[in-house]
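S.K.: sequence and predicted structure are below.
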Amino acid sequence: MINVRSIKSLVLAVFAGVTVFYFAQTHATAQKINTAEQLHLGSRLFSDDRFTSPNGDLPSSCSHCHLYKQDPQGTRAYTDFLARSWVPSRMTDQRREGIRNAPTVFDAGEMPRLHYDGEFGSLEELVKGTLSGRTLGWMPGEREQAFKQVYNVLLKDNAEGERAEMPYRDEFKKVYRVDLNALSTDQTIDLIADAVSAYVRSLKTKRDSPYDKFIQTNGLDTRPGRANPQKILPRG
């Protein structure tokens, strides 16, 4: 007679072993990543305007809206100088202005929700949404097309751009120990999201203002508050 309890125990033990092995391998891979090299890659991707839709009229990148010292008008806190940031115009959507101006990305890694309406729950999700979104000239329904263009740019790159020290193929191999030619589009997009998110998480304020000192002195919680769905009043 088959002992069901023994079989369940065996299955759970095997699952636990596989899980431990997976996380051990993931941790080992993460330990191999050189942080400085990863941040350089993330910064380069952040500034690359070749991911923009070819059907738009304005090359764009993350750094076009999240400016620091690139503009002669002065230094910005990774924001722009516009009331509403510009987006590439399309024949099917000829507007020039976005919904809002670009917010700072300082300390963005600590925000529980991201985007103007809290659409994204992580920086990785935000990066993917930006690469396939209206900010780079893409329209709803063009996500797959957008990701395919990003993938092709990386494969065909020959060390282009002011921050380029080597082709993307070589830089991804140096940082993540992977061959881009052997990866799928989705796997490549995941690595891009990881690199850009790591770069954005490195952009932190010094937190030395009088307000910050007051918070630190009194031991107050500095984490962003989370909305309580039960306290949100219905509209109308």
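M.R.: That came through, no problem.
S.K.: and residue 62, what is it in contact with?
M.R.: When contacts are counted by CB atoms under 8 Å, 6 or more residues apart in numbering, residue 62 touches 46-47, 130, 196. Any C-beta I mention is one placed from the backbone N, CA and C, and that applies to glycine too.
S.K.: gap between it and residue 52?
M.R.: For residue 62, the distance to residue 52 under the criterion CB to CB, to the nearest Å works out to 11 Å.
S.K.: just residue 220 next, same as before
M.R.: For residue 220, the distance to residue 52 equals 42 Å [CB to CB].
S.K.: quick one: low-confidence parts of this structure?
M.R.: For the chain, applying pLDDT under 70 flags the ranges 1-32, 224-236.
S.K.: what about the residue nearest to the spatial centre of it, helix or strand, and which?
M.R.: Among the residues of the chain, residue 127 comes closest to the average C-alpha position under CA atoms, centre = their mean, at 3.2 Å. For residue 127, the host element (DSSP states H and E) is helix 123-131.
S.K.: looking at residue 220 and residue 52, which one has more neighbours?
M.R.: Neighbour totals were compared for residue 220 and residue 52, and residue 52 leads with 23 against 8 (other CB atoms under 10 Å).
S.K.: wait, that one sits on residue 60?
M.R.: Yes. Between residue 52 and residue 60 there is a contact at 5.0 Å, judged by CB atoms under 8 Å.
S.K.: which residues are common contacts for these two?
M.R.: Where contact means CB under 8 Å, 6+ apart, the residues bridging residue 52 and residue 60 through contact with each are 88, 136-137.
S.K.: got these as TSV, with distance to residue 33, secondary structure and neighbour count columns?
M.R.: Written out in TSV, the entries for the shared contacts of residue 52 and residue 60 read as follows (distance: CB to CB, whole Å; DSSP: H, G, I helix; E, B strand; the rest coil; neighbours: other CB atoms under 10 Å):
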residue	distance to residue 33	secondary structure	neighbour count
88	33	coil	20
136	26	helix	24
137	31	coil	23
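S.K.: from the residues you listed, pick the one nearest residue 200.
M.R.: For the shared contacts of residue 52 and residue 60, the residue nearest residue 200 by CB to CB is residue 136; the value is 16.3 Å.
S.K.: what does the nearest residue to that closest one once chain neighbours are set aside show for phi and psi?
M.R.: Counting by CB to CB, 6 or more residues apart in numbering, residue 136 lies nearest to residue 52, which is 4.8 Å off, once chain neighbours are set aside. Backbone torsions for residue 52, taken as degrees, to the nearest 10, come to phi -70, psi 150.
S.K.: residue 153 versus residue 52, what's the distance?
M.R.: Summarising the geometry, the distance separating residue 52 from residue 153, computed by CB to CB, is 10 Å.
S.K.: now residue 54
M.R.: Applying CB to CB, the value for residue 54 to residue 153 is 11 Å.
S.K.: and residue 36, by the same measure?
M.R.: The separation that residue 36 has from residue 153, given CB to CB, amounts to 24 Å.
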